[in-house]
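Colleague: Need coordinates for the below:
(one chain, ligands or ions: 1)
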Amino acid sequence: MSAPQLRVLCLSGPNLQLLGTREPEVYGPTTLDEIHASLRGAGAALGVEVTCRQSNHEGELVDWIGAARGAFEGLLLNAGALSHTSLSLFDAIKAVSLPCVEVHLSNPEAREPFRHHSMIAGACLGKVTGFGAHSYALALTGLASHLSAKTR
Ligand code: DQA
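Modeller: Have a look, this model is predicted:
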């Protein structure tokens, strides 16, 4: 019998709907829709079904994480600026105890000091930063290998 398809929820936070036109010198030219399409393609090649959502609202992200247990095996989270401030997102990731990879297009630690601290990193399995749009696919590869090692 073949292994069941893994399900991953990819969440993006505030202002990431503006990718493509938002500070392209920092975040690159790729839109969030394009990132989502290539992530679903990369997922298909890895045997992972990827569901992608974006919200500018902390509570909506908290709701989606809180409902993820049982529906998804793992999370990718680019929480945008909320990465640096949100204890609620830290608690939500801990509460569902699903492996979560923190994602950033830029490398926050090479930018302004207020971006150096991640509030959510301590709740995450790992982190991929600094590879532009490709950070998402790299994070998916890492998460998929973690999940398939667990189910083997
Ligand atoms: C970001 C980095 C954050 O510091 C910033 O607030 C964002 C985008 C990134 O993907 O590089 O909104 O998460």
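Colleague: Now do the helices in this structure.
Modeller: 24-27, 32-46, 58-66, 87-96, 134-151 (DSSP state H).
Colleague: Do any residues in the second one lie close to the ligand?
Modeller: No - residues of helix 32-46 are not located near the ligand by CB under 6 Å from any ligand atom, the shortest gap being 10.4 Å. C-betas here are computed from N, CA, C, even on glycine.
Colleague: Check which helices and strands that helix sits against.
Modeller: strand 6-12, strand 48-54, helix 134-151 (3 or more CB pairs under 8 Å, 6 or more residues apart in numbering; DSSP states H and E).
Colleague: so which of these is the most packed in?
Modeller: For the helices and strands packed on helix 32-46, the largest average neighbour count (mean count of other CB atoms under 10 Å) is found in strand 6-12, namely a mean of 23.
Colleague: for this structure, what are the low-confidence residue spans?
Modeller: 1-4, 152 (pLDDT under 70).
Colleague: how about the residues of it that lie near the ligand?
Modeller: Proximity of the chain to the ligand is confined to 15, 78, 80-81, 83, 104-106, 108, 115 under the rule CB under 6 Å from any ligand atom.
Colleague: Format those as JSON lines; extra columns: neighbour count.
Modeller: Conversion of those to JSON lines gives the following (neighbours: other CB atoms under 10 Å):
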{"residue": "N15", "neighbour count": "14"}
{"residue": "N78", "neighbour count": "25"}
{"residue": "G80", "neighbour count": "19"}
{"residue": "A81", "neighbour count": "14"}
{"residue": "S83", "neighbour count": "26"}
{"residue": "H104", "neighbour count": "25"}
{"residue": "L105", "neighbour count": "25"}
{"residue": "S106", "neighbour count": "17"}
{"residue": "P108", "neighbour count": "20"}
{"residue": "R115", "neighbour count": "16"}
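Colleague: Tell me which entries of the residues you listed lie within strands.
Modeller: 78, 104 (DSSP state E).
Colleague: just to revisit the earlier point, among the helices and strands packed on helix 32-46, which is nearest V96?
Modeller: Checking those against V96 by CB to CB gives strand 6-12 as the closest, at 10.2 Å.
Colleague: For that closest one, output the C-alpha coordinates as PDB.
Modeller: Extracted in PDB, the C-alpha atoms of strand 6-12 (Å, rounded to 0.1, in the frame of the first residue of the first chain):
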ATOM      1  CA  LEU A   6       1.000  14.400   3.400                       C
ATOM      2  CA  ARG A   7      -0.900  17.700   3.900                       C
ATOM      3  CA  VAL A   8       0.900  20.900   4.600                       C
ATOM      4  CA  LEU A   9      -0.700  24.300   5.300                       C
ATOM      5  CA  CYS A  10       1.300  27.300   4.100                       C
ATOM      6  CA  LEU A  11       0.400  30.600   5.800                       C
ATOM      7  CA  SER A  12       1.600  34.100   4.900                       C
END
